[in-house]
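Asker: Could you work out the structure for the sequence below:
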Amino acid sequence: MVGASATAAALTLSRGGAAPGDATGGVATAAATVDAAPPAPPAADAAPPAVVVDAAPALAAIDVLTTPPGATARLVGLDGPELTTPATFVDLEPGTVELVVERDGHEPLTRTLTLAPGERRTLELVLTPVAVVAREPDHNRPRDRDRRRPPPPARTGTLNVRTNPYSVVYADGKKLGETPFVRALPAGTYTLTFVNPDHGKVTRRVTIKADQTTKVKFDL
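Answerer: Numbers count the residues shown, from 1 in each chain. Coordinates of the predicted model:
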C-alpha cells in the first residue's frame, strides 16, 4: 500500500496538483530562462561617408577702354596675345594682375589690379601724347639744307599794253607805267585802270598766265 500512495503522489505533482500540506495551494512554479536575440549584422549595401570637395573660385574679367582707342593691352606674366583696345580679358584667376597699355606717340600706362572671384572690372584710361622736343636744325641734313634755300620765285607772264591815245596804267592802285609798254608780272588776275587827262578812267580786268604774253590794246 505504501508503494501505491507514493506513485499517486508523484502523478499528482506532475499534473499540477497540490501535494498534501503544500502552503501554495498545490500550484507548482517553474522558472523559464529566455536568451536575448543577437545584434543584427550591418547591411551589406551601406553607402560610404560623403567626401566634401571645395568648389573652384569663380573667374574674373577686365574690360579696357582707352582714349584714343587702338592701343595694345597685355597682362604681364600671363599667356595670351596682346589685344587692341577696346579689349576684354576673360577667364582670369582671382588675385593680382599687372596690365600694360601702349600706343605709338603716347606714354605707356601700367596698372596693378587685385581681382575678386567673379569680378568684372572696367578700366577707362586716357593716354598722354609724348611731348615733342624741338631740335636744332642740322644744316648737313638734306631736309635742313632745303630749309635754308629761299622759296622759288613766282612764275611770271608778260603784259603788253597799248592804248590810243596814251594812258597811265595802274594795277590795283600801283602804277605800272605809261602806254605803250611791256612788263613782266607774276601770274594772276589784275584790275587795270587806264587814266588819260582828256578821256577819264577806263577799267579792265586782265589775267596774266605764266610763261605767256597777254596783250591789251584798245581806244580810250
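
Asker: Any buried residues in stretch 176-194, and which?
Answerer: If you call a residue buried by 16 or more other Cβ atoms under 10 Å, then stretch 176-194 has these buried ones: 176, 179, 185, 190, 192, 193, 194. Backbone N, C-alpha and C define where each C-beta goes, glycine included.

Asker: Could you list the low-pLDDT ranges of this structure?
Answerer: By pLDDT under 70, the weakly predicted segments of the chain are 1-54, 133-153.

Asker: can you map out the strands along it?
Answerer: Per DSSP state E, the chain carries strands over the ranges 60-67, 72-75, 83-84, 87-92, 95-102, 109-115, 120-126, 156-164, 168-171, 174-178, 181-186, 188-196, 200-208, 213-219.

Asker: So which other helices or strands are in contact with the shortest one?
Answerer: The reference is to strand 83-84. On a contact count with 3 or more Cβ pairs under 8 Å, 6 or more residues apart in numbering; DSSP states H and E, strand 83-84 meets strand 72-75.

Asker: what's the strand it packs on in contact with?
Answerer: Under the contact criterion Cβ atoms under 8 Å, 6 or more residues apart in numbering, strand 72-75 has outside partners 64, 66, 80, 82-85, 87, 89, 92, 97-103.

Asker: rerun at 6 Å
Answerer: For strand 72-75, contacts defined as Cβ atoms under 6 Å, 6 or more residues apart in numbering pick out 64, 82, 83, 85, 87, 97, 99, 100, 101, 102.

Asker: The third one bridge partners, please.
Answerer: Applying DSSP bridges to residue 83 gives these bridge partners: residue 73.

Asker: Next, count neighbours for it.
Answerer: Using other Cβ atoms under 10 Å, residue 83 has 16 neighbouring residues.

Asker: so residue 102 sits right up against residue 108, yeah?
Answerer: Yes: with contact defined as Cβ atoms under 6 Å, residue 102 reaches residue 108; the gap is 4.5 Å.

Asker: who's more crowded, the two?
Answerer: Legend: neighbour count by other Cβ under 10 Å for residue 102 and residue 108, higher for residue 102 (16 against 13).

Asker: which residues sit in contact with the more buried one?
Answerer: 72, 108.

Asker: so what's the closest residue in space to residue 202 that isn't next to it in sequence up against?
Answerer: Of all residues not flanking residue 202 in the chain, residue 194 sits nearest, at 4.5 Å (Cβ to Cβ, 6 or more residues apart in numbering). Listed by Cβ under 6 Å, 6+ apart, the contact partners of residue 194 are 163, 167, 169, 202.

Asker: if I look at residue 98, how far off is residue 118?
Answerer: Per Cβ to Cβ, to the nearest Å, residue 98 is found 21 Å from residue 118.

Asker: Ok, residue 202 next?
Answerer: 90 Å.

Asker: got it, and residue 173?
Answerer: 81 Å.

Asker: Dump the buried residues of stretch 176-194 to a markdown table, plus distance to residue 59.
Answerer: Compiled in a markdown table, those are given as follows (distance: Cβ to Cβ, whole Å):
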| residue | distance to residue 59 |
| --- | --- |
| 176 | 84 |
| 179 | 92 |
| 185 | 78 |
| 190 | 77 |
| 192 | 83 |
| 193 | 85 |
| 194 | 89 |
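
Asker: ok, of those, which one's closest to residue 154?
Answerer: Checking those against residue 154 with Cβ to Cβ, the nearest one is residue 185 at 9.6 Å.

Asker: That closest one contacts residue 159, doesn't it?
Answerer: Yes: the pair residue 185 and residue 159 passes the contact test of Cβ under 6 Å, sitting 5.3 Å apart.
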